[in-house]
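In: build the 3D model from these lines:
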Amino acid sequence: MFADYAKIFIKSGKGGDGHISFRRELYVPAGGPDGGDGGKGGDIIFQVDEGINTLYEFRHKRKYVAGAGEEGGKKRKHGKDGKDLIIKVPLGTVIKEAESDKVIADMSDPDKSVVVLKGGRGGKGNQHYATPTMQAPRYAQPGQPAMELEVKLELKVIADVGLVGYPNVGKSTLLSRVSNARPKIANYHFTTLNPNLGVVDLSEGKGFVMADIPGLIDGASEGVGLGHEFLKHIERTKVLIHIVDASSSEGRDPIEDIEKINSELKAFNPDLLKRPQIIAANKLDLIYDNADKDTVINKLKEKYESSGYTVMPISAVSGEGIKELLYKAYEILSSMDDSPVVYEQEYFPDRSALDDNDPFTVEKLADGLYSIEGPRIEKMLGYTNLEAEKGFIFFQNFMKDNGILDELEALGIKDGDTVKIYGHEFDYYK
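Out: This is a model prediction of the structure:
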């Protein structure tokens, strides 16, 4: 089953905690600290796999967690690093932060590999905290926490040329005819409701990838029907071939159809109308009078060639004009940058957000009683061994460096007053 969208939860590995231990050897009655450092947590890495062409596997598994770092050990033993988790995705997958819809990475390079979430750094063992005045520290640094994120995966077809137009105007017929006429052309079909790719081989190494985008309807840019699912596949294409039924065999006006489809493209992404567009006036085989053919083609040229569009008469059934159409598309592509359309990164998962941006509140509850709360404070308490002298000093410095003590003083705290912090109570002394 072809799937081009998935939402998953990813989490990097927590860093291993530093270890507290002391040398205990014969003839060494007062051995120093020898607690080892914790291992680094595993990273979450996304990697392109050209053997995959769908996001179907992500429909079954939605949670991906990297390995945690191992705690340090005695005798300065370093904990093992957590195992990185490599998530393989199809070429053309765009990774977005789920809530903001901002791009984290565009996997449009076959060799692309990107670290999306970094694992936590391992904590330092107590061997690092010995000083002349504290030769037996009972404090070790905890490992950094894991990072976690909900992300959206969107597979956007990588094609040079996109076929657009209303249903039943001949897009599939055109792609099918191109495929049948050229044995070297590879045609990769997914399902009727999904884009079809055709590799067009012209001659002497000339060629391009063409995508038949399923038929659009009014309101597609607003998500009507499967509008968004189809329109996103057009975003990477460099040239649009806009197919219309020039014969009006189903009672459609070709100019009216072009205007409606272009308005949907503009509403979805205004940049789409800045791309070169060839209007392929199809089904000429159904117009038996040459004068009538000329009338239709001339109307289209008068309307659109002044806007920079190219109008070309074709018949996907008889083959009339197809060769000229394909070479015209190739000519336009040859004048353009041959690198794929790539989405710039907009969202940067940053470990500093875990450490620096969590808010806290300092509040006076009653005379002589104050409270400090906030995710960052709670995290710091989890990291810190307040029973150890070094740990308590570490926490005091954190309170001072972040302006928390200044806020307490601004609220009028006095020596001997009580400060409550998540189940802990402290007497305040300046």
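In: ok, the closest residue to residue 125 other than its chain neighbours - contacts?
Out: Computed as CB to CB, 6 or more residues apart in numbering, the closest residue to residue 125 that is not its neighbour in sequence is residue 35, at 3.3 Å. Where you see a C-beta, it was placed from the backbone N, CA and C, and this is true even at glycine. Residue 35 makes contact with 18, 19, 20, 21, 72, 73, 74, 76, 125, 126, 127, 140, according to CB atoms under 8 Å, 6 or more residues apart in numbering.
In: whichever of these end up buried, select them in ChimeraX.
Out: Only the buried entries of the contacts of residue 35 go into this ChimeraX selection, using 16 or more other CB atoms under 10 Å:
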select :18,19,20,21,72,73,76,125,126,127,140
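In: lowest-confidence entry in the contacts of residue 35?
Out: pLDDT across those is lowest for residue 140, at 81.
In: that one contacts residue 79, doesn't it?
Out: No. Applying CB atoms under 8 Å as the test, residue 140 and residue 79 come out as separate, 11.3 Å apart.
In: could I get the contacts of residue 35 as a markdown table with distance to residue 319 and secondary structure?
Out: Listed next are the contacts of residue 35 as a markdown table, based on distance: CB to CB, whole Å; DSSP: H, G, I helix; E, B strand; the rest coil:
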| residue | distance to residue 319 | secondary structure |
| --- | --- | --- |
| 18 | 74 | coil |
| 19 | 76 | coil |
| 20 | 80 | coil |
| 21 | 81 | coil |
| 72 | 73 | coil |
| 73 | 75 | coil |
| 74 | 80 | coil |
| 76 | 77 | coil |
| 125 | 76 | coil |
| 126 | 80 | helix |
| 127 | 79 | helix |
| 140 | 77 | coil |
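In: from the contacts of residue 35, pick the one nearest residue 207.
Out: Distance to residue 207, by CB to CB, is smallest for residue 72 among the contacts of residue 35, at 57.5 Å.
In: which residues does the residue most central in space within the chain bridge with?
Out: Taking CA atoms, centre = their mean, the centroid of the chain lies closest to residue 95, which sits 1.6 Å from it. For residue 95, the beta-bridge partners under DSSP bridges are residue 105, residue 153.
In: show me the contacts for it.
Out: 46, 89, 103, 104, 105, 106, 107, 116, 151, 152, 153.
In: mind redoing it with 6 Å?
Out: Going by CB atoms under 6 Å, 6 or more residues apart in numbering, residue 95 touches 104, 105, 151.
In: most surrounded residue in those?
Out: Neighbour counts for those, by other CB atoms under 10 Å, peak at residue 151, which reaches 24 neighbours.
In: if I've got this straight, it is in a strand?
Out: Yes. According to DSSP: H, G, I helix; E, B strand; the rest coil, the state of residue 151 is that of a strand.
In: and it, how close does it get to residue 10?
Out: 6 Å (CB to CB, to the nearest Å).
In: do residue 66 as well
Out: Following CB to CB, the distance that separates residue 66 from residue 10 is 8 Å.
In: now residue 142
Out: As judged by CB to CB, residue 142 and residue 10 stand 22 Å apart.
In: what does residue 93 give?
Out: On the measure of CB to CB, residue 93 and residue 10 end up 14 Å apart.
In: nothing else from me, thank you.
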